[in-house]
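Asker: sequence below, structure please.
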Amino acid sequence: FLNFGVYGDKFIPTPNGILNVHIWSSLIFIVLGLIHLTIHIFSKDKEILPVKTAQDFKSFLHSGLYLIGFARQEDYRSSGRFSGRQRITYTALVYILGLTAITGVLFYSNLLSDDLSLVHIIPGGLSIMVLLFHFLITIRKHDIVGLRCAFIDGKIPRGYARKKSPIWLKDINKK
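Answerer: Numbers count the residues shown, from 1 in each chain. Here you go, the predicted structure:
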């Protein structure tokens, strides 16, 4: 690992430098997450939160079956702009990343012993798995339009909304 210390841990960190990168990136994520939550709390738009939790969770499980090939198509019978899978994934990530941040701060301040490191590792691993599930389900659907909307322009075309979120589109057309 000594060969990886290119330019004094600036570009390719050594194991000691990795800890610093981990701490600084986690602080940035915590600040960005708090800003994101604050915006959601004070905004009137709360469509991303689960409305019918049982139905949303059923849609989430159906999406998992679709991802591994046991279902032929994904379930889009949810009301509103977001599907049940998206609502459950978002809510799960908020809780999981919150737990990861809290345990990370406890570790860094030495209030949690190294023997309880799984308390920090498990939620971190779960968050990576949830994000992977979210990206893989989008790729599995060959949803280039959805990927472009999410990462490039942030706008949903009317035809795409008609196909993926018809109830939401009707609500928009009424306004």
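Asker: can we go C-alpha only for contacts and neighbour counts from here?
Answerer: Fine.
Asker: now the element after the host helix or strand of Val31, going C-ward?
Answerer: Assigned by DSSP states H and E, Val31 belongs to helix 15-42. Sequence-wise, the next helix or strand downstream of helix 15-42 (DSSP H and E) is helix 53-67.
Asker: run the chain-centre distance for the helix holding Val31.
Answerer: Remark: helix 15-42 is offset 14 Å from the chain centroid, using C-alpha atoms, centre = their mean, to the nearest Å.
Asker: before we move on, what about stretch 154-170?
Answerer: Distance of stretch 154-170 from the chain centroid (C-alpha atoms, centre = their mean) equals 21 Å.
Asker: count the neighbours of Val31 for me.
Answerer: Using other C-alpha atoms under 10 Å, Val31 has 12 neighbouring residues.
Asker: tell me the mean pLDDT for the helix holding Val31?
Answerer: Here helix 15-42 scores 82 as its mean pLDDT.
Asker: by mean pLDDT, which helix or strand of this structure comes out lowest?
Answerer: Lowest by mean pLDDT, DSSP states H and E among the helices and strands of the chain is helix 144-148, with a mean of 72.
Asker: tell me which residues in the helix or strand just after that one are buried?
Answerer: Next helix or strand after helix 144-148 toward the C-terminus (DSSP H and E): helix 158-164. Using 16 or more other C-alpha atoms under 10 Å as the test for burial, helix 158-164 gives Lys164.
Asker: just the C-alphas of helix 158-164, formatted as CSV.
Answerer: Taking C-alpha atoms only, helix 158-164 is exported to CSV below (Å, rounded to 0.1, in the frame of the first residue of the first chain):
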residue,chain,number,x,y,z
ARG,A,158,-45.4,14.1,-21.2
GLY,A,159,-45.4,10.8,-23.1
TYR,A,160,-43.2,9.1,-20.5
ALA,A,161,-45.5,10.4,-17.7
ARG,A,162,-48.5,9.1,-19.6
LYS,A,163,-47.0,5.6,-19.7
LYS,A,164,-45.3,5.5,-16.2
